[in-house]
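Asks: here is my input; please provide its structure:
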Amino acid sequence: MGKTGDRDWMQIYAIYGTDRWQTVAFLALHATLFAAIALLLLLRFPSSLALLRSLLPAAVPLTALRFLAGLAGSTAALSALCLLYAAGSVLHSSLALRWETAQRMVAAVPDWSAVRTALDVGCGRGILLNAVAMQMKKEGSGGRVVGLDRRRETAVEALRRAGAEGVQEYVTCREGDARRLPFADGYFDVVVSASGLGAAAAEERGRGLAEMVRVLKPGGVGVVWDLLRGSEYAQRLREMRMENVRLSDPVTAYMVGSHIVSFRKPMEQKQPLPQPVFHDPHWAADMC
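Replies: Take a look at the predicted model:
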């Protein structure tokens, strides 16, 4: 994977690790298995022919047996290559690509100098959360970015990683539900989310998106990235009368095409937006 901007991917891994080790291990294990089968068929070709001869009717010609053995070996070798490629793609997507996408999402906000409050919905390992915090630090901002995750343990780990990145003073993390954000209306200058809504059903994704709009200040900027659903989010945002709704160039992650969606909340809302009723004026006391 090499360099990712000014960061080496090994540096990224040392801080954030990967949330896809089980998938990578599964794919790599099966790639090894198919490669071993292909090598066994190649190195033990006469024995493979003898095995096929014992399994198939005696009337099957030797030419057909050779073809079947060669086809089996070629299929196993090709399967091993495909699985190995998939393992590499998943590892790249969960590390270097995540970091690159976070930088692109940060760059989608035109002016960070005036940003004092930001929210990362579904902060996970904290890659996007810390990218936002680094931008605030670069701008000399006195603001903070809040990382919200449904699991308190994950939020605590994200805060620890902010310390490793040297931006802990800009970061606050807490447990919370993306569908019922525990923040007042119009509180944040910027709201971002990377795959924070994707696992939910369509109705819940819509509610989560509406909640992101609700807590965004008039004139504030939102940036969302999710596999497969960029067009869906763009359409929903246009229906909610958001301004400057834009789809980025394709981002290929986990061998799937996706888009970053950015938008701006209008300064004046002529009609009230549909908003789930959930307010907690004491949210700050629950910060971890």
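Asks: mind giving me the domain ranges of this protein?
Replies: Listed by the TED database, the domain ranges of the chain are 15-94, 111-265.
Asks: weakest of those in terms of mean pLDDT?
Replies: Among the domains of the chain, domain 15-94 carries the lowest mean pLDDT, a mean of 87.
Asks: would residue 241 count as being in a strand?
Replies: No. Counting by DSSP: H, G, I helix; E, B strand; the rest coil, residue 241 falls outside a strand, being coil.
Asks: pretty sure it contacts residue 267?
Replies: No. Residue 241 lies out of contact with residue 267 (C-beta atoms under 8 Å); the separation is 12.0 Å. C-beta coordinates here come from the backbone N, C-alpha and C atoms, glycine included.
Asks: comparing those two, which shows the higher neighbour count?
Replies: When neighbours are counted by other C-beta atoms under 10 Å, residue 241 and residue 267 differ, and residue 241 comes out ahead with 14 against 10.
Asks: which residue, other than its chain neighbours, is closest to the more buried one?
Replies: Spatial nearest neighbour of residue 241, excluding adjacent residues (C-beta to C-beta, 6 or more residues apart in numbering): residue 266 at 6.6 Å.
Asks: kindly report the same for residue 151.
Replies: The nearest residue in space to residue 151 (C-beta to C-beta, 6+ apart) is residue 175, at 6.8 Å.
Asks: burial measure for that neighbour, as a count.
Replies: Counted with other C-beta under 10 Å, the neighbours of residue 175 add up to 17.
Asks: and if you look at residue 255?
Replies: Neighbours of residue 255 under the rule other C-beta under 10 Å: 10.
Asks: isn't it right up against residue 86?
Replies: Yes. Because the distance of 6.9 Å satisfies C-beta under 8 Å, residue 255 is recorded as touching residue 86.
Asks: need the domains of the chain in TSV (columns: distance to residue 8).
Replies: Below are the domains of the chain laid out as TSV (distance: least, C-beta to C-beta, whole Å):
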stretch	distance to residue 8
domain 15-94	11
domain 111-265	14
